[in-house]
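Enquirer: below are the sequence and a predicted model; questions follow.
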Amino acid sequence: MDLEVNKIIPQRYPFQMIDRFNDVKPRIGSTATKLLTIDEWFFANQPADHLVAPRPVMIEAMAQTGVAAILSMDKNKGKNVFFGGIPRAEFKDDFRPGDKLTLAVKLKKMRGNIGLGHGTITREGKEICTADLIFAIE
């Protein structure tokens, strides 16, 4: 399977939050990498001495990681997947320029056009965010 981001998910700059996919397993889960650089658009209006990536942006990156496992299923080729909600999320630290993040989402349930996933974001092997995500397939 081709792991090129632009061939798997429909989001494009500036809304594409993934740098590369490491692994995509249809209906099972995906892993991706994001390197936060100081040039990210969401750092533009922040004080230089306290640059922190917005947590909703990081949840979106996690969701885009999970979408790859859904869109890579043969029956979902060419469809759209919408972010349906975040029943639970926990943050243990902030995200800053220079962080190399590993995002992983496992699909827990797929029923009809609704999916439930559980995601994590790690930095240097340390878990800094977990979340349950709801996906809606159109």
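Expert: Perfect, I can see it now. Residues are numbered from 1 along each chain as shown.

Enquirer: show me which helix or strand of this structure is least confident by mean pLDDT.
Expert: Ranked by mean pLDDT, DSSP states H and E, the weakest helix or strand in the chain is helix 5-8, scoring a mean of 88.

Enquirer: so where's the longest helix in the protein?
Expert: With DSSP state H setting the assignment, residue counts place helix 55-71 as the longest helix in the chain.

Enquirer: state the paired neighbours of the helix or strand following that one in the sheet, together with their directions.
Expert: Sequence order places strand 81-91 as the next helix or strand after helix 55-71, per DSSP states H and E. Strand pairing for strand 81-91, using DSSP bridges, gives strand 126-137 (antiparallel).

Enquirer: now the partner strand against helix 55-71, angle please.
Expert: 60 degrees (axes from the mean of the first three to the mean of the last three C-alpha atoms, to 10 degrees).

Enquirer: pLDDT on strand 126-137, on average?
Expert: The average pLDDT within strand 126-137 is 97.

Enquirer: what do you get for stretch 47-55?
Expert: Averaging pLDDT along stretch 47-55 gives 93.

Enquirer: give me the contacts around it.
Expert: 36, 38, 40, 42-43, 46, 89, 91, 94-97, 99, 129 (C-beta atoms under 8 Å, 6 or more residues apart in numbering). In short, each C-beta sits where N, CA and C put it, glycine included.

Enquirer: please identify the buried residues of it?
Expert: For stretch 47-55, the neighbour count (16 or more other C-beta atoms under 10 Å) marks Leu51, Ala53 as buried.

Enquirer: tell me the pLDDT of the residue nearest the centre of the chain.
Expert: Centroid-nearest residue in the chain: Met62, 2.1 Å away (criterion: C-alpha atoms, centre = their mean). Note for Met62: predicted pLDDT of 97.

Enquirer: swap in the one 10 residues further on?
Expert: According to the predicted model, the pLDDT of Ser72 comes to 93.

Enquirer: of the contacts of stretch 47-55, which pair is most distant in space?
Expert: Ile38 and Ala89 (25.3 Å; C-beta to C-beta).
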